[in-house]
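1. Give me the fold of what follows.
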Amino acid sequence: MRKIDRNKFKPLTSSEWQALSDEWEHSELTQLKFCKLKNLPLKTFTNQRQKVLQEKKKAQNQFLPAHINFKAKAVELPATQSVVLKLPNGICLQIALNTDKAWLRNVFELLGITPC
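-> The predicted model follows:
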């Protein structure tokens, strides 16, 4: 465990806070003991950890980019066909092509997915 030297302290980057948060999660120490070992103010650590957790949650709710290459001419698909969306959190949605957009928007909001 690397101890933070408060005399030479410079603000930590978000990736450094992420590493400290991960280290604490695997340490089996209380936050107070961990902060004492690292020479960190407890309040600063808890505030930065909340930011790290919010960023993780935000990243999990992001759509991954989809790239579709059609080599053939555009084809009209019957309304009975559907597409399957696999979300980063493991949820799979099978959506009929004629699904109402407003209803679909509500479903995404309930899943905590923000629109692009």
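2. Check which helices and strands the longest helix along the chain sits against.
-> Longest helix in the chain, counting residues (DSSP state H): helix 42-60. Counting contacts by 3 or more CB pairs under 8 Å, 6 or more residues apart in numbering; DSSP states H and E, helix 42-60 packs against helix 14-25, helix 31-38. From N, CA and C alone the C-beta is placed, and that goes for glycine too.
3. and that helix, which residues are buried?
-> Judged by neighbour count (16 or more other CB atoms under 10 Å), helix 42-60 contains these buried residues: 45, 48-49, 52.
4. swap in stretch 25-40?
-> Buried, per 16+ other CB under 10 Å, within stretch 25-40: 29, 34-35, 38, 40.
5. got a markdown table for those, with pLDDT and distance to Gly112 too?
-> Below are these laid out as a markdown table (pLDDT from 0 to 100; distance: CB to CB, whole Å):
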| residue | pLDDT | distance to Gly112 |
| --- | --- | --- |
| Leu29 | 93 | 31 |
| Phe34 | 94 | 30 |
| Cys35 | 94 | 31 |
| Lys38 | 92 | 32 |
| Leu40 | 92 | 31 |
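6. Just give me the closest of these to Asn98.
-> Proximity of these to Asn98 was ranked by CB to CB; the top entry is Phe34 with 53.8 Å.
7. mind giving me the domain split of the chain?
-> Using automatic domain parsing, the domain ranges for the chain come out as 6-60, 74-116.
8. picking that back up, from the buried residues of helix 42-60, pick the one nearest Val107.
-> Nearest to Val107 among the buried residues of helix 42-60, with distances taken as CB to CB, is Val52, at 28.6 Å.
9. contacting residues around the closest residue to the closest one other than its chain neighbours?
-> With CB to CB, 6 or more residues apart in numbering as the criterion, Val52 has its nearest non-adjacent residue at 4.6 Å, and that residue is Ser21. Residues near Ser21 by CB atoms under 8 Å, 6 or more residues apart in numbering: 48-49, 52-53.
10. Dump those residues to CSV, plus pLDDT and distance to Ala96.
-> As requested, those are arranged in CSV below (pLDDT from 0 to 100; distance: CB to CB, whole Å):
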residue, pLDDT, distance to Ala96
Gln48, 94, 44
Arg49, 93, 42
Val52, 90, 39
Leu53, 89, 36
